[in-house]
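Chemist: Below is the structure, and that's it, no one-letter string:
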């Protein structure tokens with residue numbers, strides 16, 4: 001099996017997966033033994049521990065497996081260092097299955113190093129706890145252990161928060177679903193676009209009305225229909241413009257459809273990508289800078305009053321006249 005095929009197969013996994021199933025796919029990669037395994041020094045077996053073949057992983061809340069990084073780490077060190085690895089953390093669910101809730105990547109490295117066991121601390125779920133309740137508690141422990149003590153990406157933290165029903169995360173997920181956007185597989189909609197930069201989303205999702213954010217997402221998805229990724233900065237830049245258009249009292253509000261049609265035409269005619277629309281930005285005014293860039297790329301033609309409306313919109317967006325010249329190439 002080609003490496004790309006194996007990686008894609010693993011990345012497509014979801015829900016509850018047996019660790020050995022992941023390992024078997026990795027070991028089926030063409031030349032994996034000669035390219036990777038043969039470069040490792042033998043690791044001494046643990047005298048005590050849990051069998052790796054007995055371990056399950058719940059991908060609902062776990063971080064995405066960055067397999068190449070795991071492989072690179074093994075090759076660089078040359079051996080699975082048991083002293084550094086310490087123990088993993090296992091949660092035993094009422095049906096007896098053992099889930100690694102912390103130490104997933106270490107399990108992968110241990111198994112690839114031909115170990116059959118690994119030391120573990122065990123947390124025993126109450127027998128009355130349902131599968132869903134077990135998952136929620138494990139996700140919460142995972143978030144506390146990793147997000148509060150070590151570096152985790154905002155999207156990874158969000159994923160675990162969704163699983164244990166954090167109120168704010170569920171609100172954010174609802175908005176993402178309305179926008180047909182996905183972060184770390186939390187939106188099951190197959191038509192959803194992938195949204196990067198979730199940290200930016202967390203900082204700005206309350207700054208604009210949900211209707212404007214949803215309209216912004218709709219316009220961007222319809223305009224850039226050849227890719228299934230959506231820039232979070234562009235999402236809020238366009239939302240900021242829609243917000244100014246509706247709330248600036250000096251401006252005669254232009255319809256969403258007018259802005260959408262003009263935006264689509266400009267992007268298509270000029271063969272622009274999302275990064276081209278974003279252009280340059282003013283520090284601490286990223287979304288508002290992008291809103292001005294969108295105006296100046298030609299969307300300003302939707303407005304009239306000899307340019308006074310556009311000047312009012314820019315003032316509403318808190319971008320100074322001196323800063324306008326610093327923004328995008330087309331200004």
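Modeler: Looks like it arrived, so ask away. Treat the numbers as computed from the prediction; the structure is a model and nothing was measured.

Chemist: Which stretches in the stretch 101-250 of the chain count as strands?
Modeler: Using DSSP state E, counting those that start in this stretch, the strands of the stretch 101-250 of the chain run over 117-118, 120-124, 181-182, 193-195, 229-230.

Chemist: the bottom helix or strand of the chain by mean pLDDT?
Modeler: helix 321-324 (a mean of 64; mean pLDDT, DSSP states H and E).

Chemist: Return the most buried member of the strands of the stretch 101-250 of the chain.
Modeler: A comparison of these by mean neighbour count, using mean count of other CB atoms under 10 Å, puts strand 181-182 on top with a mean of 24. In this view, the C-beta of every residue, glycine as well, is placed from N, C-alpha and C.

Chemist: Just checking: what are the partner strands of that strand?
Modeler: strand 193-195 (parallel) (DSSP bridges).

Chemist: Is residue 89 in contact with residue 119, as I believe?
Modeler: No. Between residue 89 and residue 119 there is no contact under CB atoms under 8 Å: 10.6 Å.

Chemist: Against residue 170, how distant is residue 131?
Modeler: 19 Å (CB to CB, to the nearest Å).

Chemist: Then residue 282?
Modeler: Residue 282 is 33 Å from residue 170, by CB to CB.

Chemist: Comparing these two, which residue is more hemmed in?
Modeler: Comparing residue 282 with residue 170 by neighbour count (other CB atoms under 10 Å), the higher total belongs to residue 282, at 17 against 12.

Chemist: you'd agree that one is up against residue 314?
Modeler: No. Contact between residue 282 and residue 314 fails when scored by CB under 8 Å: they sit 11.8 Å apart.

Chemist: how about the helices in the stretch 51-200 of the chain?
Modeler: 67-77, 82-85, 104-112, 131-147, 154-163, 167-178, 198-204 (DSSP state H, counting those that start in this stretch).

Chemist: mind checking the end-to-end distance for stretch 105-122?
Modeler: 17 Å (CA to CA, to the nearest Å).

Chemist: I'd like the average pLDDT over that stretch.
Modeler: Confidence for stretch 105-122, expressed as mean pLDDT, is 92.

Chemist: Same check on stretch 158-174?
Modeler: On average, stretch 158-174 scores 93.

Chemist: Could you pull out the buried residues of that stretch?
Modeler: 158, 159, 160, 161, 162, 163, 164, 166, 169, 172, 173 (16 or more other CB atoms under 10 Å).

Chemist: Other residues contacting it?
Modeler: Contact with stretch 158-174 is made by 60-61, 63, 135-137, 139-140, 142-143, 146-147, 183-187, 198, 201-202, 205, as judged by CB atoms under 8 Å, 6 or more residues apart in numbering.

Chemist: Run the chain-centre distance for it.
Modeler: Distance of stretch 158-174 from the chain centroid (CA atoms, centre = their mean, to the nearest Å) equals 13 Å.

Chemist: again with stretch 290-309
Modeler: That offset, for stretch 290-309, works out to 32 Å (CA atoms, centre = their mean).

Chemist: buried sites along it?
Modeler: 290-300, 302-303, 309.

Chemist: what about it, how long is it end to end?
Modeler: Per CA to CA, stretch 290-309 runs 17 Å from first to last residue.

Chemist: and that stretch, average pLDDT?
Modeler: Across stretch 290-309, the average pLDDT comes to 87.

Chemist: so what's the residue lying closest to residue 51 once chain neighbours are set aside up against?
Modeler: Among residues not flanking residue 51 along the chain, residue 117 sits closest, at 5.7 Å (CB to CB, 6 or more residues apart in numbering). By CB under 8 Å, 6+ apart, residue 117 lies in contact with 45, 46, 48, 49, 50, 51, 52.

Chemist: Repeat that for residue 303.
Modeler: Per CB under 8 Å, 6+ apart, neighbours of residue 303: 251, 252, 254, 309, 310, 313.

Chemist: In helices, which of those residues fall?
Modeler: 309, 310, 313 (DSSP state H).

Chemist: from the residues you listed, which is closest to residue 191?
Modeler: Distances from residue 191 to those, taken as CB to CB, are shortest for residue 313 (32.3 Å).

Chemist: which residues touch that closest one?
Modeler: Neighbouring residues of residue 313 by CB under 8 Å, 6+ apart: 241, 244, 245, 248, 251, 291, 295, 303.

Chemist: repeat that for 6 Å
Modeler: Residue 313 makes contact with 244, 248, according to CB atoms under 6 Å, 6 or more residues apart in numbering.

Chemist: Please report the distance of it from residue 223.
Modeler: 20 Å.

Chemist: Equivalent analysis for residue 294, please.
Modeler: 11 Å.

Chemist: likewise residue 182?
Modeler: For residue 182, the distance to residue 223 - CB to CB - is 18 Å.

Chemist: Likewise for residue 64?
Modeler: Counting by CB to CB, the gap from residue 64 to residue 223 is 28 Å.

Chemist: okay, these two: which has more neighbours?
Modeler: residue 223 (20 against 14).

Chemist: Burial check on the nearest residue to that one once chain neighbours are set aside, number of neighbours?
Modeler: Nearest residue to residue 223 in three dimensions, chain neighbours excluded: residue 264, at 4.8 Å (CB to CB, 6+ apart). Residues lying near residue 264 (other CB under 10 Å) number 16.
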